[in-house]
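Asks: Show me the folded form of this:
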Amino acid sequence: MRLEELFNSHIHKLNETDFSILNYIVSNKNQVVNMSLEEISEKTYVSAASLVRCAKKLGFSGFSEFK
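Replies: Sure, this is the predicted structure:
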């Protein structure tokens, strides 16, 4: 499943913060692959816990699995 399709299938679970996180990830796919949770957190201006919660809303066990 493509990333965008995954987002669309869980859109009803996502809030504004999640959309902001996912927008950054989609726009910077190549960089995000090599970034740590803390680096992504700094770039998106959200906590690491918010990144983990967002990944779980998409059906992953955590951010590492999502990444």
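Asks: Check this protein and tell me which residue is nearest its centre.
Replies: Leu22 (4.7 Å; CA atoms, centre = their mean).
Asks: Let me know the pLDDT of that residue.
Replies: As predicted, Leu22 sits at a pLDDT of 92.
Asks: That one is in what secondary structure piece?
Replies: Taking DSSP states H and E as the definition, one finds Leu22 inside helix 16-27.
Asks: can you list the residues that contact that helix?
Replies: Residues outside helix 16-27 that contact it (CB atoms under 8 Å, 6 or more residues apart in numbering): 3-4, 7, 14, 32, 40, 43-44, 46, 50-51, 53-54, 57. Using the backbone N, CA and C atoms, a C-beta is placed for each residue, glycine as well.
Asks: Look at Cys54 and tell me its secondary structure.
Replies: Classification of Cys54 using DSSP: H, G, I helix; E, B strand; the rest coil returns helix.
Asks: And for Val32, the neighbour number?
Replies: Residues lying near Val32 (other CB atoms under 10 Å) number 16.
Asks: Quick one: residues contacting it.
Replies: Tyr24, Ile25, Ile40, Lys67 are the contacts of Val32 under CB under 8 Å, 6+ apart.
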